[in-house]
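Colleague: Could you work out the structure for the sequence below:
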Amino acid sequence: MLHGAGAFPPEIAASVAAFIAGRTESVPLGRTRSPSEVDPLLHGSITSDGLGAVEAWRLFGERVVANTVGLDSERFLAFIPAAPSAASVWMDAAVSAASFSAESWLEAAGAVAAENRVLRWFADLVGFPAGAGGCFVSGGSIGNLSALAVARDRAGDRTTVAVSDTAHSSVANSLRLLGLDRVVRVPTSDDGRFTGELLRRALDGRDDVGIIVASAGSTNAGVVDDLAGLADVADESNAWFHVDGAYGAAALLLVEQRHRFAGLERADSLIVDPHKWLFATLGSCALLYRDPTLAAAVHTQRGPYIDVLHGDEPLWNPSDYAMQLTRRASGLPLWFSLATHGVDAHAEAVRAGVALAARAARVLESVPGVSLVMEPELGVVLFRRRGWGAPEWGAWADSLLADGVAFVAPSRWKGETVGRLVFLHPSTPVSLIDEIARRLA
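Modeller: All right, here's what the predicted structure looks like:
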């Protein structure tokens, strides 16, 4: 029996709830193993009659969780970590249990209204006009793809796209999928910043550029582009200005950081991922448009069984603003977290990441042979170690994970393999920075 009373043992349901509660208090770093080691551990787990909840839950804990790295661990310093707030974790569980069909206002008016409160809050923070709006999608890749589809529609015959060499990989992938194969890729200078001056030089009077893509906190280095200067070029070129703020735009919460984002309010479209630096659970990207009617013209789906979603009274259907139809209410965990903990608590958590990165920079540059690639702007620290190449960086990262110290992943900067640490979890201990530095010495 799959449904109804008695379908799932109450003692295992209690164990699941205890697991969730424990995850909000402390997250193990975990580990990774090769496919040849892990795959056999789950052979025979799917059978005709089932193993029962007790055995299935045991396998989950002993063989799935035990062989998975905790992205939400305070010792996860690679890629872009996650650190979901307690409230967002519990609301995510509630959203899963409820199975809200959140593609339309008709089916999920309350859920969509709550999500729209969050979108309006962030639009006001950015400085977007009153008519701005959008929806939540599953992540930055779908957010970028959806926004650039609208940009392509507005660009007409001018489908050349200007991007920097630091743009996120999803931007290049989106352009390929959308058939936008004429790209002006602008090399950034040593500081990794895409500026209006560099773009003007690269365009050199050409008039076929209809889309410009910038970063409000590049994923690799945490650098905020010259948004005001790029917006000027977009205005002069009558080009669509899209800003990928998936990671860094959350720093708008900090008064002392807002100067970095001057010009963001002039974007035509923008993304920010709550599952990154806004402390929501995974699977959430806020996609905003200055004029959402342009997005609706591109993304609204029609069909015999869904035309009922578009009645006489204008309704806000999230499926009209991105490449999606069925969707979970992925904005509700952030709404609940903001309603529970407040905006100031989220800002302080962002501030903690910036402070940890600044401290790490000072500690790392005190290690003989170690130097910074650049001063960190947000929460990402890039650094060199004299004499190290890809093999040495790889061995260093492997040893840190094997010893349960931290999960780190080297990166490349201008063709050079470098060390990279990302500070996002506000509970990352300061002592961890010192321990990592000792392992570099």
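
Colleague: quick one, what contacts the residue nearest to L294 when sequence neighbours are not counted?
Modeller: The shortest distance from L294 to any non-neighbouring residue, by C-beta to C-beta, 6 or more residues apart in numbering, is to V150 (5.7 Å). Glycine gets a C-beta too; all of them are placed from N, C-alpha and C. The neighbours of V150, taking C-beta atoms under 8 Å, 6 or more residues apart in numbering as the test, are W240, S269, Y289, L294, A295, V298, H299.

Colleague: Now V150: phi and psi?
Modeller: The main-chain torsion angles of V150 are listed as degrees, to the nearest 10 and equal phi -70, psi -40.

Colleague: what do you get for L106?
Modeller: Reported as degrees, to the nearest 10, the phi and psi values for L106 are phi -60, psi -40.

Colleague: Distance check, the closest residue to A155 other than its chain neighbours against D165.
Modeller: The shortest distance from A155 to any non-neighbouring residue, by C-beta to C-beta, 6+ apart, is to G210 (3.0 Å). Per C-beta to C-beta, to the nearest Å, G210 is found 20 Å from D165.

Colleague: Next: D225.
Modeller: D225 sits at a distance of 12 Å from D165 (criterion: C-beta to C-beta).

Colleague: Settle it for me: which of those two has more neighbours?
Modeller: D225 (31 against 11; other C-beta atoms under 10 Å).

Colleague: Check whether the more buried one really touches T195, as I assumed.
Modeller: Yes: counting by C-beta atoms under 8 Å, D225 does reach T195; the two are 7.2 Å apart.

Colleague: in which helix or strand would I find the most far-flung residue of the chain relative to its centre?
Modeller: Relative to the centre of the chain, the most outlying C-alpha is that of D49, 39.4 Å out, by C-alpha atoms, centre = their mean. Secondary structure assignment for D49, by DSSP states H and E: no helix or strand.

Colleague: Would you mind measuring from it to F8?
Modeller: Computed with C-beta to C-beta, the distance linking D49 and F8 is 16 Å.

Colleague: May I ask you to confirm that F136 is in contact with T281?
Modeller: No: distance between F136 and T281: 11.9 Å, which falls outside the contact criterion (C-beta under 8 Å).

Colleague: of those two, who's got more company?
Modeller: With neighbours defined as other C-beta under 10 Å, F136 and T281 compare such that F136 has more, 31 against 24.

Colleague: So that one lies in a strand, does it not?
Modeller: Yes: with the criterion set as DSSP: H, G, I helix; E, B strand; the rest coil, the secondary structure at F136 is a strand.

Colleague: any idea how far the nearest residue to it once chain neighbours are set aside is from A402?
Modeller: Nearest-residue entry for F136: G331, 3.9 Å, with adjacent residues in sequence omitted and distances by C-beta to C-beta, 6+ apart. Here the criterion is C-beta to C-beta. By it, G331 lies 38 Å from A402.

Colleague: Give me the neighbour count for the closest residue to I12 other than its chain neighbours.
Modeller: Ranked by C-beta to C-beta, 6+ apart and with sequence neighbours excluded, the top spatial neighbour of I12 is A53, at 4.4 Å. Applying other C-beta under 10 Å, we find 16 residues neighbouring A53.

Colleague: hang on, A53 packs against P10?
Modeller: No: A53 is beyond contact range of P10, at 10.1 Å (criterion: C-beta under 8 Å).

Colleague: Tell me how far G22 lies from G196.
Modeller: Relative to G196, G22 is positioned 49 Å away (C-beta to C-beta).

Colleague: With neighbour numbers in mind, choose between those two.
Modeller: G196 (21 against 11).

Colleague: quick one: contacts for that one?
Modeller: Residues touching G196, when contacts are defined by C-beta under 8 Å, 6+ apart, comprise D226, A228, G229, L230, A231, D232, V233.

Colleague: So what's the residue count around the nearest residue to the first one once chain neighbours are set aside?
Modeller: So that's D226. Leaving aside its chain neighbours, D226 sits nearest to T195 (3.9 Å; criterion: C-beta to C-beta, 6+ apart). For T195, the number of neighbouring residues by other C-beta under 10 Å comes to 21.

Colleague: Equivalent analysis for V370, please.
Modeller: By the measure other C-beta under 10 Å, the count of residues near V370 is 18.

Colleague: Helices along the stretch 301-441 of the chain, start to end?
Modeller: 332-341, 343-365, 390-402, 430-440 (DSSP state H, counting those that start in this stretch).

Colleague: Tell me which of those helices sits most buried.
Modeller: Using mean count of other C-beta atoms under 10 Å, the stretch among those with the largest mean neighbour count is helix 332-341, at a mean of 23.

Colleague: so what does it touch, helix or strand wise?
Modeller: Applying 3 or more C-beta pairs under 8 Å, 6 or more residues apart in numbering; DSSP states H and E, we find helix 332-341 packed against helix 86-98, helix 105-126.
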